[in-house]
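Visitor: Sequence below, structure please.
(one chain, ligands or ions: 2)
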Amino acid sequence: MQQSLQQALVDFHKEFARVTVPDDAVIFSCPAADVIKLGFEKRIPLVKLCPPQVSSDEFFNVFEQVCEIVIEFTPELAEDIDKIAATLPVEPEERMLFVSRAFTPGTSLITDVTPDYSTETFGFLINHTVKPFMLRYSQEVGKLYELEMWLKGDCPVCGGKPSLALLEKGTGKRQLYCGLCEIKWRFHRLGCPYCLDGESHFFTVEGMEKYRVYYCRKCHGYIKTLDQEKTDGKSVNLFWEDINTVHLDILAMREGYFNEQACQPLKDPEK
Ligand SMILES: [Zn+2]
Ligand SMILES: [Zn+2]
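Guide: Numbering: from 1, shown residues only. Ligands and ions are numbered 1, 2, ... in the order given. I've put the predicted structure just below:
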């Protein structure tokens, strides 16, 4: 059962990985050096400091591709997706506004008071549409901050929570990883990255010793962690590590822990 769920997830994400956007699909205006310095000191996520600008045609083009993939894998959602598509803006100005809101943390894109579609499906489609753009954006914008010095539980680019952590080979230093922007940043070796308060405990699973699942008894957050010391030294792709360890998520959730994954609409980190 877990094996087939795992395989289905891998197949699904392989399709999504094919959805890419051109290099110039995302632009942003680079702030002055003193603004970057202040932004870094105040730990303001880059998405707020220099928001990504995306053409609405490009955005809705990706949105359609995402819908096709979701329908291919889960045909039962087709009706819901049709309803969602019918609510999307048509006028160029409204489309632009919609897209800019999609990249603004903490903004809801659902305008219907009582939507007749699943808001979860809506959120899922938007997240997967936003993702390839955020990937492009983070590759460029991430260079503005010293990620090794960030030391915060939230992603320096989108402000979201990490989906995975990595213990570096040799040094044992911990890096956190954002599943949306696919970037890593340095964090303290110990302590909960969610509430910053709880102690670190972890469990491992037989046969999967290179992973630890750290959990916090205070806020009930958990984070899967790859211990690079126990890998064969090859470079790791944290995106696929995350997907390939879904049964660790299931185990953690069964124990009452949760991970507020980055794969959520952009959350306002101040809330
Ligand atoms: Zn992020
Ligand atoms: Zn905690």
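Visitor: what are the bridge partners for residue 225, then?
Guide: Residue 225 has these beta-bridge partners by DSSP bridges: residue 165, residue 212.
Visitor: residues from the stretch 51-200 of the chain in reach of ligand 2?
Guide: 192, 194, 195, 198 (CB under 5 Å from the ion). Where you see a C-beta, it was placed from the backbone N, CA and C, and this is true even at glycine.
Visitor: What subset of these is buried?
Guide: Neighbour-count burial (16 or more other CB atoms under 10 Å) applied to those gives 192, 194, 198.
Visitor: how near is the last one to residue 238?
Guide: What that stands for is residue 198. To residue 238, residue 198 is 23 Å away according to CB to CB, to the nearest Å.
Visitor: How about residue 49?
Guide: Residue 49 is 24 Å from residue 238, by CB to CB.
Visitor: now the helices for the stretch 101-250 of the chain?
Guide: Per DSSP state H, counting those that start in this stretch, the stretch 101-250 of the chain carries helices over the ranges 119-141, 238-243, 246-254.
Visitor: Which among those is found nearest to residue 41?
Guide: Residue 41 lies closest to helix 119-141 among those, at 17.2 Å (CB to CB).
Visitor: Quick check: mean pLDDT of the closest one?
Guide: Model confidence over helix 119-141, given as mean pLDDT, is 93.
Visitor: name the helices or strands packed onto it?
Guide: Helices and strands touching helix 119-141, by 3 or more CB pairs under 8 Å, 6 or more residues apart in numbering; DSSP states H and E, are strand 26-27, helix 56-73, helix 78-87, helix 92-102.
Visitor: what about 10 Å?
Guide: helix 2-17, strand 26-27, helix 46-49, strand 53-54, helix 56-73, helix 78-87, helix 92-102 (3 or more CB pairs under 10 Å, 6 or more residues apart in numbering; DSSP states H and E).
Visitor: returning to that earlier point: from the buried ones among the residues of the stretch 51-200 of the chain next to ligand 2, pick the one nearest residue 72.
Guide: residue 194 (34.4 Å).
Visitor: which residues sit against stretch 15-30?
Guide: Stretch 15-30 has contacts (CB atoms under 10 Å, 6 or more residues apart in numbering) with 36, 46-47, 49-55, 58-59, 61-62, 65-66, 68-70, 72-73, 103, 128-129, 131-141, 143-144, 239-240, 243.
Visitor: hmm, 7 Å instead?
Guide: For stretch 15-30, contacts defined as CB atoms under 7 Å, 6 or more residues apart in numbering pick out 50-54, 58, 62, 65-66, 69, 128, 132-133, 136-137, 141.
Visitor: Could you rank these by neighbour count and give me the top one?
Guide: residue 137 (27 neighbours; other CB atoms under 10 Å).
Visitor: That residue: what's it in contact with?
Guide: 26, 28, 52.
Visitor: My understanding was that residue 89 contacts residue 98; is that so?
Guide: Yes. Here residue 89 reaches residue 98: they are 5.0 Å apart, a contact under CB atoms under 7 Å.
Visitor: Can you report how many residues neighbour residue 154?
Guide: 22.
Visitor: cool, residue 115 as well?
Guide: The burial count for residue 115: 14, using other CB under 10 Å.
Visitor: Find me the pLDDT at it, would you?
Guide: With respect to pLDDT, residue 115 has a value of 86.
Visitor: What residues does this structure have near ligand 1?
Guide: 155, 157, 158, 160, 178, 180, 181.
Visitor: Could you dump the residues you listed into JSON lines and include pLDDT?
Guide: Below are the residues of the chain next to ligand 1 laid out as JSON lines (pLDDT from 0 to 100):
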{"residue": "155", "pLDDT": "95"}
{"residue": "157", "pLDDT": "97"}
{"residue": "158", "pLDDT": "94"}
{"residue": "160", "pLDDT": "90"}
{"residue": "178", "pLDDT": "94"}
{"residue": "180", "pLDDT": "91"}
{"residue": "181", "pLDDT": "94"}
